[in-house]
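Asks: this one's structure only:
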């Protein structure tokens, strides 16, 4: 069993459920409880948790905190990954405000924009810098990940600028398919594709 | 070959590439051209376009407009799907402003919030209504889809309210795993899972 995209996705959803149970003071949970919330089979849940290195005890279930910590260890939450948000529009601001990222070792250091009205404002403790400062800050802070949230018409030019600045991973929230060199990784956050998949039976 | 999530995702990315080529005035495209942009195998592209009902001609390639239209027909872009955005924060506003949705038959009719400062403002031609108006407008406009972008702490209560109002599909952008009745479909937009998948080798 390897850490596939689907397994990673399920583990993060289990993590969300377990965190909530902990906040409520619940100490144990059964696989059918988790399975029901996600509308999946409970044998899948048992298999996934076994992959983490833990078997549930009959009639007792799993210890919530223990499984939560195993997920964090397996998914590498303990290792911090720094990123810049490029484009301080509504989407960029929403991501900068999304506090749950920090539980996963994902740290947005700063935002960038070219709109003078946005420069130097602070969002959730993160400053918006002029885009011209990106190359220098990328190198000085050793940042490899950029989250691209600029308007579609600026997407390719901005991506080229990120690559020239030393960015190696682009999380692309624009609907543009970017032309990038082979040494740069891109993840297209394909919202349209997800929506169509979700609503295909309507 | 059936319309799987991965195939839908690829087709929407091809659509984005083809639309851009059309805007540039390009009339034909080859499978390796598309494949290189997406860093996938060109046999995959040929297979997918064949699924749409079209074979490429050797040394000529595919007609851009023709394939673009076939994708729209296959993915049902011609059928409009109305939705409400629930939560007029940065993420809700970003989605309301996201003009590309309309090319895919996806129509955001209005937004809802409980913050008096946001009620009655208009974003990209869409009005923000008080959340108390949602049940009535859901029934009158026959809306089945809600996009949930409220803060995490309000996610479950708001989802319950949506269900009681007659919403059947919830596109969940909150990090909460929602408890929902079996007749309600949910799509968890698992940003954390995607990020971890994307950056797992860093």
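Replies: Ah, there it is. Just so it is clear, the structure is predicted and the values come from calculations on it, not from any experiment.
Asks: tell me which residues of stretch A:159-179 are tucked away?
Replies: Buried residues in stretch A:159-179, counted by 16 or more other CB atoms under 10 Å in any protein chain shown: A:159, A:161-163, A:165, A:167, A:169-178. All C-beta spots, glycine's among them, are computed from the backbone N, C-alpha and C.
Asks: and for the residue lying closest to residue A:27 once chain neighbours are set aside, the neighbour number?
Replies: Among residues not flanking residue A:27 along the chain, residue A:64 sits closest, at 5.8 Å (CB to CB, 6 or more residues apart in numbering or on different chains). A total of 20 residues lie near residue A:64 under the criterion other CB atoms under 10 Å in any protein chain shown.
Asks: cool, and residue A:29?
Replies: Neighbours around residue A:29, by other CB under 10 Å: 22.
Asks: that one contacts residue A:61, doesn't it?
Replies: Yes: Residue A:29 is in contact with residue A:61 according to CB atoms under 8 Å; the separation is 5.5 Å.
Asks: ok, for residue A:135, nearest residue in space, not its chain neighbours?
Replies: In space, residue A:135 is closest to residue A:165, 4.0 Å off (CB to CB, 6+ apart).
Asks: now the one you found: phi and psi?
Replies: Phi and psi for residue A:165, reported as degrees, to the nearest 10, are phi -90, psi -10.
Asks: same check on residue A:54?
Replies: phi -140, psi 130.
Asks: my guess is it contacts residue A:70, does it?
Replies: Yes: the criterion here is CB under 8 Å, and residue A:54 meets it with residue A:70 at 6.1 Å.
Asks: what bits of chain A have low per-residue confidence?
Replies: A:56, A:58 (pLDDT under 70).
Asks: please enumerate the helices of chain A.
Replies: Counting by DSSP state H, chain A has helices at residues A:5-24, A:31-38, A:42-51, A:64-75, A:90-97, A:134-141, A:155-164, A:191-198.
Asks: could these be laid out in JSON lines, adding distance to residue B:146?
Replies: Converted to JSON lines, those look like this (distance: least, CB to CB, whole Å):
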{"stretch": "helix A:5-24", "distance to residue B:146": "20"}
{"stretch": "helix A:31-38", "distance to residue B:146": "19"}
{"stretch": "helix A:42-51", "distance to residue B:146": "27"}
{"stretch": "helix A:64-75", "distance to residue B:146": "29"}
{"stretch": "helix A:90-97", "distance to residue B:146": "17"}
{"stretch": "helix A:134-141", "distance to residue B:146": "37"}
{"stretch": "helix A:155-164", "distance to residue B:146": "28"}
{"stretch": "helix A:191-198", "distance to residue B:146": "12"}
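Asks: which of those sits closest to residue A:117?
Replies: Across the helices of chain A, residue A:117 has its closest neighbour in helix A:90-97 (13.1 Å, CB to CB).
Asks: by how many degrees do that closest one and helix B:191-198 diverge?
Replies: 90 degrees (axes from the mean of the first three to the mean of the last three CA atoms, to 10 degrees).
Asks: any part of helix A:90-97 near chain B?
Replies: Yes: Helix A:90-97 reaches chain B (CB under 8 Å from any CB of the partner chain) through A:90, A:91, A:93, A:94, A:97.
Asks: and the fourth one, how many residues sit next to it?
Replies: The tally of other residues near residue A:94 (other CB under 10 Å) stands at 21.
Asks: correct me, but it touches residue B:94?
Replies: Yes: here residue A:94 lies in contact with residue B:94, judged by CB under 8 Å, at a distance of 5.9 Å.
Asks: how much space separates residue A:9 from chain B?
Replies: Residue A:9 is 4 Å from chain B, where distance means CB to the nearest CB, to the nearest Å.
Asks: report the distance from the lengthiest strand in chain A to the chain centre.
Replies: Assignment by DSSP state E gives strand A:106-113 as the longest strand of chain A. Centroid separation between strand A:106-113 and its chain, computed with CA atoms, centre = their mean, to the nearest Å, is 13 Å.
Asks: contacts for that strand, please.
Replies: Applying CB atoms under 8 Å, 6 or more residues apart in numbering or on different chains, the contact partners of strand A:106-113 are A:80-89, A:92-93, A:95-96, A:101, A:119, A:123, A:126-131, A:133-134, A:137, A:141, A:143, A:147, B:192, B:195.
Asks: residues in contact with the residue nearest the centre of chain A?
Replies: Residue closest to the mean C-alpha point of chain A, counted by CA atoms, centre = their mean, is residue A:101 at 6.4 Å. By CB under 8 Å, 6+ apart, the residues touching residue A:101 are A:95, A:107, A:108, B:192, B:195.
Asks: same thing but at 7 Å, please
Replies: Applying CB atoms under 7 Å, 6 or more residues apart in numbering or on different chains, we find residue A:101 in contact with A:108, B:192.
Asks: repeat that for residue A:182.
Replies: Listed by CB under 7 Å, 6+ apart, the contact set of residue A:182 is empty.
Asks: related to what we said a few turns ago, okay, residue A:54 and residue A:70: which has more neighbours?
Replies: When residue A:54 and residue A:70 are compared on other CB under 10 Å, the one with more neighbours turns out to be residue A:70, at 21 against 14.
Asks: burial count for the residue lying closest to the more buried one once chain neighbours are set aside?
Replies: Sequence neighbours aside, residue A:52 is the residue nearest to residue A:70 in space, at 4.2 Å (criterion: CB to CB, 6+ apart). By the measure other CB under 10 Å, the count of residues near residue A:52 is 17.
Asks: is residue A:52 in contact with residue A:74, as I believe?
Replies: Yes: using CB atoms under 7 Å, residue A:52 is in contact with residue A:74, at 5.6 Å.
Asks: outline the domain layout of chain A.
Replies: A:5-75, A:81-194 (automatic domain parsing).
Asks: any idea which of those gets closest to residue B:155?
Replies: domain A:5-75 (10.1 Å).
Asks: span of the closest one from start to end?
Replies: Terminal residues of domain A:5-75 lie 11 Å apart, using CA to CA, to the nearest Å.
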